[in-house]
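Asker: Predicted model, plus sequence, below.
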Amino acid sequence: MKWIADSIKNAPPSVLEKVLKIASEHKDVISLSIGEPDLDTPGHIIEAGIKALKTKYTHYTSNLGFLDLRKAIAEKLDKENNFKVDPENEIIVTCGAGTAIDLFMRAVLNPGDEIIVQDPGYFNYIYVSAFLNTKVVPVHVKEENNFSLKPEDLEEKITEKTKLLIINSPANPTGSVIPEKDLRRIADIAIENDLLVLTDEIYEKLIYNEKHFSIASIPEMKERCVLINGFSKAYAMTGWRVGYAAGNREIINKMGIISVYTTICAPAVSQRAALAALRGDQRCVEEMRREYDKRRRYMVKRLNEIGVPTVMPKGAFYTFPNVSQYGSSEEVWKLFLEKAKVSTTPGTAFGRYGEGYLRFSYANSMENIEKALNNIEEVIKNV
């Protein structure tokens, strides 16, 4: 271990690595653990990728991405999110939304800075923060509040060292959606305390019976906000690795400088496919959303019926059932894996307040979901 940097050596262990290994190697296990659409990339997007390969889109692009793609992203943000940005200077296309998060955090954070995150919340924020020797300050998002971030809970966590607030709505792992009135109050808090805000909106298209609202659309937030999004979830393009960040011009510029010396650019062929996704028929997105909605309602109903209390998620493709009556997150995760042959994700992978919960993904076929829940029901009967 003497060769390993302290920032990496002291980083929390990755549960995701174990979950991915189980999903790939144990074919007798039904995986409800992976945050990846089981549906295929729509045909017209695949065809755009094939055409791009045939027309020799196999070289480097600008480190910020193709300008026509950035213009299409800017049009989308203006039309759908009421967020106006300059495509030439305020958007960067990245190798997935995860890379955008990494570039952003490296561009703005110094060792010792404090970052406020939702807990339970997406683990990438926790890991990247650890790599940068910054301090993660968790805000407990509670089950009784549908796991939504409450402004009054946020205010309690702010100190003179707080630099960044990360918002994820719809959220991974809980599927929670922060209401517009709360986001507006959170924006006021950010302005009052001179906080930078990263808003991760990768699941915005997968929202049910609610309307998506972006904190970035509030005019006063423009200079202190960067919006992260991508194509992996809405268009089932996880393997294409293409996302983007938009917002504060100076931050986007610095992210672009870092990218030159790391990824250089997002894959050219993927960028052409992403352009086709934005400019093509959007019925494929709605069809996916309806399919996930059907699975969402079925999974929540079944889990509650078999004795696993589960809040109805309002977005994304996850449920976050409370399994505390059966043991710890790790114990129940192992129980379901070994006895029911179902892989989930321990809630503790998403922060300390995830203890007592598991994340179930309904990005799997209805047939597999039904079989998995039948297996779990049999195991619970014998606990």
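Answerer: Thanks, I have the structure now.

Asker: can you give me the strands for the stretch 51-200 of the chain?
Answerer: 91-94, 114-119, 135-140, 162-168, 196-200 (DSSP state E, counting those that start in this stretch).

Asker: Format those as TSV; extra columns: mean pLDDT.
Answerer: Rendered in TSV, the data for the strands of the stretch 51-200 of the chain read as follows (pLDDT from 0 to 100):
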stretch	mean pLDDT
strand 91-94	98
strand 114-119	97
strand 135-140	96
strand 162-168	98
strand 196-200	98
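
Asker: winner for burial among these?
Answerer: The highest mean neighbour count among those belongs to strand 91-94 (a mean of 29), with neighbours defined as mean count of other CB atoms under 10 Å. C-beta here means a position set from N, CA and C on the backbone, and glycine is covered the same way.

Asker: which other residues reach that strand?
Answerer: 61, 63-66, 69-70, 73-74, 85, 100, 103, 230, 242-246, 252, 255-256, 259, 263, 265-266, 271, 274 (CB atoms under 8 Å, 6 or more residues apart in numbering).

Asker: related to what we said a few turns ago, the strands of the stretch 51-200 of the chain: which one's closest to residue 235?
Answerer: Proximity to residue 235 (CB to CB) singles out strand 91-94 among the strands of the stretch 51-200 of the chain, at 14.5 Å.

Asker: Direction included, what does that closest one pair against?
Answerer: Each strand that strand 91-94 pairs with, and the sense of that pairing, follows from DSSP bridges: strand 243-247 (antiparallel).

Asker: Please point out which parts of whatever helix or strand comes next after the partner strand sit buried.
Answerer: Past strand 243-247, heading to the C-terminal end, the next element that is a helix or strand (DSSP states H and E) is helix 249-260. Neighbour-count burial for helix 249-260, counted by 16 or more other CB atoms under 10 Å, picks out 251-252, 254-256, 258-259.

Asker: I'd like the next helix or strand past helix 249-260.
Answerer: Towards the C-terminus, the helix or strand next in line after helix 249-260, according to DSSP H and E, is helix 268-279.

Asker: Just the CA coordinates for that next one, please, in PDB.
Answerer: Extracted in PDB, the C-alpha atoms of helix 268-279 (Å, rounded to 0.1, in the frame of the first residue of the first chain):
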ATOM      1  CA  ALA A 268     -17.200  11.100 -31.800                       C
ATOM      2  CA  VAL A 269     -19.500   8.300 -32.800                       C
ATOM      3  CA  SER A 270     -21.400   8.600 -29.600                       C
ATOM      4  CA  GLN A 271     -21.800  12.300 -30.000                       C
ATOM      5  CA  ARG A 272     -23.400  11.800 -33.400                       C
ATOM      6  CA  ALA A 273     -25.800   9.200 -31.900                       C
ATOM      7  CA  ALA A 274     -26.600  11.700 -29.100                       C
ATOM      8  CA  LEU A 275     -27.400  14.400 -31.600                       C
ATOM      9  CA  ALA A 276     -29.900  11.900 -33.300                       C
ATOM     10  CA  ALA A 277     -31.400  11.200 -29.900                       C
ATOM     11  CA  LEU A 278     -32.100  14.900 -29.200                       C
ATOM     12  CA  ARG A 279     -33.300  15.700 -32.700                       C
END
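
Asker: Give me the domain ranges for this structure.
Answerer: Using automatic domain parsing, the domains assigned to the chain come out as 6-41+283-381, 43-279.

Asker: Could you tell me the least trusted of the ones you listed?
Answerer: Set side by side, the domains of the chain differ in mean pLDDT, and domain 6-41+283-381 is lowest with a mean of 91.

Asker: Quick one: end-to-end length of that one, please.
Answerer: As for domain 6-41+283-381, its first-to-last residue distance stands at 46 Å under the measure CA to CA, to the nearest Å.

Asker: Tell me who's in contact with residue 146.
Answerer: Going by CB under 8 Å, 6+ apart, residue 146 touches 176, 311, 314.

Asker: tell me the most buried of the domains of the chain?
Answerer: It is domain 43-279: most buried of the domains of the chain by mean count of other CB under 10 Å, with a mean of 20.

Asker: Find the nearest non-adjacent residue to residue 238, please.
Answerer: Among residues not flanking residue 238 along the chain, residue 232 sits closest, at 4.4 Å (CB to CB, 6 or more residues apart in numbering).

Asker: residues contacting that neighbour?
Answerer: 36-37, 96-97, 202, 238, 240-243.

Asker: tell me which of the residues you listed is nearest to residue 291?
Answerer: Taking CB to CB as the measure, residue 37 is the one of the contacts of residue 232 closest to residue 291, at 9.7 Å.

Asker: For residue 190, see how far away residue 218 is.
Answerer: The gap separating residue 218 from residue 190 is 10 Å, by CB to CB, to the nearest Å.

Asker: go on, residue 289?
Answerer: Counting by CB to CB, the gap from residue 289 to residue 190 is 30 Å.

Asker: Mind giving me the packing neighbours of whichever strand or helix holds residue 45?
Answerer: If you go by DSSP H and E, residue 45 is part of helix 43-54. Under the contact criterion of 3 or more CB pairs under 8 Å, 6 or more residues apart in numbering; DSSP states H and E, helix 43-54 touches helix 268-279.
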